[in-house]
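Enquirer: need a structure here:
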Amino acid sequence: MAARIDHVVTSGTFTLDGGTWDVDNNVWIVGDDSEAIVIDAAHDAAAIAKTVGDRTLRAIVCTHAHNDHVNAAPALAELTGAPILLHPDDMPLWRLTHAERAPDRELSDGQVIEVGGVALTVLHTPGHAPGAVCLYAPDLGTVFTGDTLFSGGPGATGRSFSDFPTIIESIRNRLLTLPPETVVRTGHGESTTIGTEAPHLDEWIARGH
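Expert: Numbers count the residues shown, from 1 in each chain. Sure thing, here's the model as predicted:
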């Protein structure tokens, strides 16, 4: 059976720098009928595990360590036995949510994660968070961008551990170089394409946020 992408929306809160906001998160599940990976275990481990079903969960991949993207990761790991993968540059953020439980493995730029007969390449895309990554799956014609790139512009950079010039460089050099038809599956909200977003880079820079 060919690999597919399943999608769950979970709801909860995002907390950082003393503020808390209600958020809906996209949880992406990539795999075939026998195995899968989860991208961003947000808020509701039981709902995510239900979508995974009886498949073997090979990994819980964190695009970054803001609490709304990792708060269900330890519980999902407990349910499934899957390892949690995070870029080491995001450990300071991870510890804000899970001081007692470290990730199991490190993500690195250029690393390839294989599941269900497809390969996902890790792209280190700092800016929204120091260890933010995207996962590019050319065989599926898609890139999973977490909070680095949304429909309409870059992820927020107004809080601790973030930097606007850095996220612009990540988007320019790592994402907008992908084929224009590549579908951008984001951490929140609607999907878009590289070709839709690329013409607006200068507008984002002029806006400066």
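
Enquirer: pLDDT score assigned to His209?
Expert: Looking at His209, its pLDDT is 57.

Enquirer: Touching the lowest-mean-pLDDT helix or strand in the chain from outside, list them.
Expert: One helix or strand of the chain scores below all others by mean pLDDT, DSSP states H and E: helix 201-207, with a mean of 95. The contact list for helix 201-207 (C-beta atoms under 8 Å, 6 or more residues apart in numbering) reads 153-154, 168, 171-172, 176. For glycine as for every other residue, the C-beta is placed from the backbone atoms N, C-alpha and C.

Enquirer: and these as CSV, adding secondary structure?
Expert: As requested, the contacts of helix 201-207 are exported to CSV (DSSP: H, G, I helix; E, B strand; the rest coil):
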residue, secondary structure
Gly153, strand
Pro154, strand
Ile168, helix
Ile171, helix
Arg172, helix
Leu176, coil
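
Enquirer: pLDDT weak spots in the protein?
Expert: Residue ranges of the chain with pLDDT under 70: 1, 209.

Enquirer: Okay, helices next: where are they in it?
Expert: 45-52, 67-70, 73-80, 91-97, 164-170, 194-197, 201-207 (DSSP state H).

Enquirer: Count residues in the vicinity of the residue nearest to Val27 when sequence neighbours are not counted, would you?
Expert: Closest residue in space to Val27, ignoring its immediate chain neighbours: Val8 at 4.4 Å, by C-beta to C-beta, 6 or more residues apart in numbering. A count of nearby residues for Val8, using other C-beta atoms under 10 Å, gives 19.

Enquirer: Perfect, I'm done here.
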